[in-house]
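> The following block contains a protein sequence and its predicted model.
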Amino acid sequence: MTDDDVKRAARTRAKIMEGFARAERKLFTRPAPASPNVQMRFLRKRERGSTKSLAERLGVSRKTVQRYLSGASTKPNKRLQAALVQETESEWQPQVRAQARQRAASSGGLVISCRAYFGLGPEGTSDAGRVRDITVAVTPSHAAAIIAAQEEGATLSDLHDAVAEAIADAYFRQGGGGRAGLEVKFADVEWLNITF
C-alpha cells in the first residue's frame, strides 16, 4: 500500500466514523451538555471522579481540568473544545445508542448515503468507475457487521470493507442473479451519512 492509499483509507474511516457520530446525535432524546464547565463535570462523573484520568482522556493537564471544574476557566481553545464535545457525545445517552444499534443489527438495518468513487468494470463501459451519489438501505446482517467493526475499533481496511460490501450487495448486486460475484471498488469518499 502506498502512502496515498493509506491516507485515503484513513480519510474514508474518518468519514464513516463521522457518519456514525452524526447519526447517533440525531437519536438523542435530550441535548448533550453544551458549556465546557458542564461537559467537564459530566465527564468527571464518567471517570468516577478522577481528574487525572479525565485530563489524560482530553489531552490536557490536570490543572486545566481543575480550572474548568472550579469555574476559573470558561473558554477552551479549539482543540480542547472539540475534545470536550466529542467525548461528551460519545458518553451521552448510551442506552439510547445501544437500543438503536441493536434494532439496526436485528431488524431495521441502516440507510447509508454517500458520494464516492465506485468502480465495477472496464473503462469504456457503462460500469466503468466514476463518482456516484448513492443512498441505499443496508440489511440487518450487514448493519450488524458494520456496527461490530465500528465498536471493536476495527482497522482501516476492516471497517472500509464492511461498508463497501454492504453498499455493493444492496446497490450493485441487488439480489444476486448474474451480478452475484461482481467486484466493486469503493474509494475516495467525499461525504457519508448513516441513518438508524
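Noted; the coordinates are in hand. What you see is a predicted model, and the numbers here were worked out from it, not measured in a lab.

> Tell me which residues are up against the helix ranked longest in the chain.
Counting residues, the longest helix in the chain under DSSP state H turns out to be helix 3-27. Contacts of helix 3-27 with the rest of the structure, by Cβ atoms under 8 Å, 6 or more residues apart in numbering, involve 1, 32, 86, 89-90, 93, 96-97, 100, 112, 150, 156-157, 159-160, 163, 187-189, 191-196. Bear in mind the C-beta positions are built from the backbone N, C-alpha and C, glycine included.

> Apply 6 Å and report the result again.
Residues outside helix 3-27 that contact it (Cβ atoms under 6 Å, 6 or more residues apart in numbering): 96-97, 100, 150, 156, 159-160, 163, 189, 192-196.

> One more: stretch 67-80?
36-37, 40.

> Bridged to residue 194, which residues?
residue 112 (DSSP bridges).

> Next one, pLDDT for it please.
What the model reports as pLDDT for residue 194 is 90.

> list the contacts for it?
Residue 194 neighbours (Cβ under 6 Å, 6+ apart): 19-20, 23, 110, 112.

> Farthest pair within the residues you listed?
Maximum pairwise distance among those (Cβ to Cβ): 10.7 Å, between 20 and 112.

> if you count what's nearby, which of these two comes out ahead?
residue 112 (25 against 21; other Cβ atoms under 10 Å).

> ok, now how distant is that one from residue 25?
17 Å (Cβ to Cβ, to the nearest Å).

> do the same with residue 34
13 Å.

> between the two, which one's more packed in?
Taking other Cβ under 10 Å, residue 34 and residue 25 do not tie; residue 25 has more neighbours (13 against 10).

> Now do the contacts for residue 152.
Counted by Cβ under 6 Å, 6+ apart, residue 152 has zero contacts.

> Show the model's pLDDT score for it.
So, for residue 152, pLDDT stands at 79.

> chain center to stretch 4-16: distance?
Stretch 4-16 has its C-alpha centroid displaced from the chain centroid by 12 Å (Cα atoms, centre = their mean, to the nearest Å).

> meant to ask about stretch 33-44
Mean-position distance between stretch 33-44 and its chain equals 22 Å (Cα atoms, centre = their mean).

> what comes up buried for it?
Neighbour counts over stretch 33-44 (16 or more other Cβ atoms under 10 Å) mark 33, 36-37, 39-40, 42-44 as buried.
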